[in-house]
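>>> got a structure for you, letters missing:
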Ligand code: PMT
């Protein structure tokens, strides 16, 4: 019996179980979610039933296992389950499930529920290493992440058939922690968070630009995490890539365009995070046509761009939190401290982009958070989503 003070009391979780050897671990996940107070509605695929008996899962869940679109009185169990869920969890998620979900294929009860729900979705892939590393599987995982699906990566370890490698279902602890975090952490609810991402492109002529290597991954991770924590999020981006679900996007190209949009948004935003790599210089003029090679090597005269962040710092409202990044190749903390003071910031996220796996284009980053008063906090090389989480933990602390 659970009490209303249990961490997941009042939450309905649809637990989808696919056919893989790791299906037995879903039983433990189910038990822990029920212990935390959740109402767990299990859905098994045909394959799952070859690995665990439905009686086992039904006995531990809050209601009997469902397996089919056709086996109950209600003619539309998928919409009922999808609409009633506070969260849909799929553990284990097979390569086939990930592919079907990424492509919007609804061929059984679980895939129908996934398409029918508006609730957050957590998928926990499990498969052999070769399958996990296959480009098609990775592309499907990427697509799902870009749509705002939470993915609990598989672990390294022993797999079926005596093999070992990456692909083992994450531990029940990690899965339950992710579910709790997605359902529980709403510490930015009510806040408007504005995030910039990507590198600006400054035109030289009709076809050429001055650009940089920013992929936008770090900014997108911050935007996604802020939305997950309940904020209204506006992403000002130069990158042609789908925004996470629920994030409003404004596309820009140049520093001047980014400044115009951010100046407008920052007038009312509670938090602004400048993860974009803004050009420091731009051509004084842009030739209307294409500069011809036959005319010889052109002389391109540059001028400084406006410092967007410095402008936001000068106009900062009481209570507003301004976060800047510092992309450095040495003297990391001193440079970051100088930016913090010059631009009137509350936090600088300093990354030494000369280090392997750090900064531009990587999925990972390593940063030092620099705060007024010289307070430092280093975060080792980790996924950009972990950096985003740590950044927003500090922001939440600053707003308290
Ligand atoms: O996009 P990814 O591939 O994921 O890479 C992430 C990143 C390396 C781009 C990111 O982690 C990062 O460091 N972003 C800031 C890059 C940068 O422009 O740093 P900076 O040290 O030159 O500028 C300092 C701060 O001032 C930044 O917040 C920048 O957005 C801002 N700035 C800079 C120049 C300018 N004209 N206006 C600005 O607002």
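Looks like it came in fine. Not measured: the values here are computed from a predicted model. Numbers count the residues shown, from 1 in each chain.
>>> wait, doesn't residue 126 sit right on residue 168?
Yes - applying C-beta atoms under 8 Å as the test, residue 126 and residue 168 come out as touching, 6.5 Å apart. C-betas here are computed from N, CA, C, even on glycine.
>>> and for those two, which residues touch both?
Overlap between the contact sets of residue 126 and residue 168, as judged by C-beta atoms under 8 Å, 6 or more residues apart in numbering, is given by 22, 154.
>>> more neighbours: which of these two?
Neighbours of residue 126 and residue 168, each counted by other C-beta atoms under 10 Å, are more numerous for residue 126; the result is 27 against 24.
>>> show me how this protein divides into domains.
3-183, 192-399 (automatic domain parsing).
>>> of the ones you listed, which is nearest the ligand?
Put simply, out of those the one that sits nearest the ligand is domain 192-399, at 3.4 Å, with distance taken as C-beta to the nearest ligand atom.
>>> who's in contact with the nearest residue to residue 19 once chain neighbours are set aside?
Computed as C-beta to C-beta, 6 or more residues apart in numbering, the closest residue to residue 19 that is not its neighbour in sequence is residue 47, at 1.9 Å. Counting by C-beta under 8 Å, 6+ apart, residue 47 touches 18-20, 94.
>>> out of those, who has the most neighbours?
Neighbour counts for those, by other C-beta under 10 Å, peak at residue 18, which reaches 30 neighbours.
>>> so it makes contact with residue 92?
Yes - using C-beta under 8 Å, residue 18 makes contact with residue 92 at a distance of 5.7 Å.
>>> so where do the helices sit in the stretch 251-400 of the chain?
When secondary structure is read from DSSP state H, counting those that start in this stretch, the stretch 251-400 of the chain shows helices at 255-266, 308-314, 332-342, 384-399.
>>> and the shortest one, what does it pack onto?
Applying 3 or more C-beta pairs under 8 Å, 6 or more residues apart in numbering; DSSP states H and E, one finds that helix 308-314 makes contact with helix 255-266, strand 271-274, strand 321-328.
>>> likewise the last one?
Counting contacts by 3+ C-beta pairs under 8 Å, 6+ apart, helix 384-399 is packed against helix 217-228, strand 271-274, strand 321-328, strand 347-352, strand 364-371, strand 375-383.
>>> could I get those as JSON lines with distance to residue 194, mean pLDDT and mean neighbour count?
Supplementary listing: those in JSON lines, determined by distance: least, C-beta to C-beta, whole Å; pLDDT from 0 to 100; neighbours: other C-beta atoms under 10 Å:
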{"stretch": "helix 217-228", "distance to residue 194": "9", "mean pLDDT": "92", "mean neighbour count": "27"}
{"stretch": "strand 271-274", "distance to residue 194": "5", "mean pLDDT": "98", "mean neighbour count": "27"}
{"stretch": "strand 321-328", "distance to residue 194": "10", "mean pLDDT": "98", "mean neighbour count": "23"}
{"stretch": "strand 347-352", "distance to residue 194": "15", "mean pLDDT": "98", "mean neighbour count": "24"}
{"stretch": "strand 364-371", "distance to residue 194": "19", "mean pLDDT": "98", "mean neighbour count": "22"}
{"stretch": "strand 375-383", "distance to residue 194": "22", "mean pLDDT": "94", "mean neighbour count": "13"}
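>>> thinking again about what came up before, which one of the helices and strands packed on helix 308-314 lies nearest to residue 146?
Taking C-beta to C-beta as the criterion, strand 271-274 is the member of the helices and strands packed on helix 308-314 that comes nearest to residue 146, at 19.1 Å.
>>> what distance separates the helix or strand of the chain with the lowest mean pLDDT from the centre of its chain?
Taking mean pLDDT, DSSP states H and E as the measure, helix 77-84 is the helix or strand of the chain with the lowest mean score, a mean of 81. In this view, helix 77-84 has its centroid 25 Å away from the chain centroid, taken as C-alpha atoms, centre = their mean, to the nearest Å.
>>> buried residues in it?
By neighbour count, and taking 16 or more other C-beta atoms under 10 Å as the criterion, the buried residues in helix 77-84 are 77-78, 80-82.
>>> and the chain, which of its residues are near the ligand?
214-218, 255, 274-278, 280, 305, 307-309, 324-327, 339, 351, 353, 359-361 (C-beta under 6 Å from any ligand atom).
>>> name the nearest residue to residue 248, sequence neighbours excluded.
The shortest distance from residue 248 to any residue other than its chain neighbours is 4.8 Å, reached at residue 234 (C-beta to C-beta, 6+ apart).
>>> and the helix or strand harbouring that neighbour, which strands flank it?
With secondary structure defined by DSSP states H and E, residue 234 is part of strand 232-237. Taking DSSP bridges as the criterion, strand 232-237 pairs within the sheet with strand 192-197 (parallel), strand 248-251 (parallel).
>>> so which of the ones you listed is nearest residue 377?
The stretch from the strands paired with strand 232-237 with the least distance to residue 377 (C-beta to C-beta) is strand 192-197; that distance is 20.2 Å.
>>> relative to residue 322, how far out is the nearest residue to residue 353 once chain neighbours are set aside?
Computed as C-beta to C-beta, 6+ apart, the closest residue to residue 353 that is not its neighbour in sequence is residue 359, at 3.3 Å. Spatial separation of residue 359 from residue 322 under the definition C-beta to C-beta, to the nearest Å is 21 Å.
>>> which stretches of this structure have low pLDDT?
Applying pLDDT under 70 to the chain flags residues 1-5, 71-76, 78, 185, 245.
>>> go again with 80.
Per-residue confidence for the chain (pLDDT under 80) gives these ranges: 1-7, 70-79, 159-161, 184-186, 228, 244-246.
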